[in-house]
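Colleague: Give me the fold of what follows.
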Amino acid sequence: MQTERYRLSFGTGGLFRQESVRIAELFLAHKDWESVREVVETQNILQCRTASTTRRRAAEIITRLKKLNVNELSQLALAHPRTQAYILWIANCRCYRFISDFAIDVIMDRFTALKSDITYTDFDLFFERKSLLHHELSKVSSSTRMKLRQVLFKMMREAGIIDEDNRLIHALLSPALCESFVKDSVLFLPLIRSSNQPERHHVGY
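Modeller: Residues are numbered from 1 along each chain as shown. The predicted model follows:
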């Protein structure tokens with residue numbers, strides 16, 4: 001059986017939380033992604049310097065947001081910024097098999113093993129292992145590989161999964177929120193269910 005190729009276009013930027021929330025709000029108003037794309041591009045909603053950057057960034061964000069259903073997009077538009085970041089992390093995991101595999105194979109493995117951090121070495125070892133099955137990775141230049149690693153770690157920080165020292169942070173969500181949004185959150189987030197306001201706790205500390 002042929003292995004599904006990894007899409008690596010996530011290397012163009014980070015989580016884009018504020019931009020994603022704005023575009024989600026537009027979709028909830030228009031209920032049509034092409035209309036949203038037109039509004040974003042003609043009104044420069046993303047405040048990019050050039051039209052080409054606007055088109056490229058809008059296309060990337062919309063591709064990710066399409067992985068969320070209407071209920072999840074509604075949660076994204078209304079939720080606390082921390083929860084918005086979690087939802088966008090889930091959207092990225094659904095959009096990019098590379099990220100979801102990393103979340104399961106590295107993040108969740110270290111979380112369940114009570115390990116306190118994620119290192120660049122963890123990424124490099126993961127990349128090498130996956131290169132055996134995904135030959136497109138073996139064709140990636142060293143500079144592109146470093147860029148993918150940089151962006152992925154930036155995403156994890158913006159999503160509240162690791163801190164500035166790359167230490168894992170428990171994701172805290174209320175039981176009600178766990179049930180009402182992203183059913184696969186348990187697969188991709190180092191998740192703790194709590195009825196209290198989310199607070200940050202480091203793994204192993």
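Colleague: now the spatially most central residue of the chain: how far from Ser143?
Modeller: Nearest to the mean C-alpha position of the chain, counting by Cα atoms, centre = their mean, stands Trp89 at 2.7 Å. Distance of Trp89 to Ser143, given as Cβ to Cβ, to the nearest Å: 25 Å. No exception for glycine: its C-beta is placed from N, CA and C like everyone else's.
Colleague: Return the residues in contact with the residue nearest to the centre of the chain.
Modeller: Taking Cβ atoms under 8 Å, 6 or more residues apart in numbering as the criterion, Trp89 is in contact with 15, 155-156, 159, 161, 188-189.
Colleague: In helices, which of those residues appear?
Modeller: 155-156, 188 (DSSP state H).
Colleague: Could you export these to a markdown table, including columns for distance to Glu72?
Modeller: Below are the ones in helices among the contacts of Trp89 laid out as a markdown table (distance: Cβ to Cβ, whole Å):
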| residue | distance to Glu72 |
| --- | --- |
| Met155 | 18 |
| Met156 | 20 |
| Phe188 | 13 |
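Colleague: Going by neighbour count, which of these are buried?
Modeller: 155-156, 188 (16 or more other Cβ atoms under 10 Å).
Colleague: right, and out of these, which lies closest to Val70?
Modeller: Among these, Phe188 lies closest to Val70 (Cβ to Cβ), at 20.3 Å.
Colleague: Okay, helices next: where are they in this structure?
Modeller: Taking DSSP H, the helices of the chain run over residues 17-30, 33-42, 51-65, 70-78, 81-95, 97-102, 108-112, 120-131, 135-138, 142-158, 175-180, 185-188.
Colleague: Break the protein into its domains for me.
Modeller: Domain ranges of the chain: 15-66, 81-205, per automatic domain parsing.
Colleague: got these as JSON lines, with distance to Gln75 columns?
Modeller: Listed next are those as JSON lines, based on distance: least, Cβ to Cβ, whole Å:
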{"stretch": "domain 15-66", "distance to Gln75": "9"}
{"stretch": "domain 81-205", "distance to Gln75": "5"}
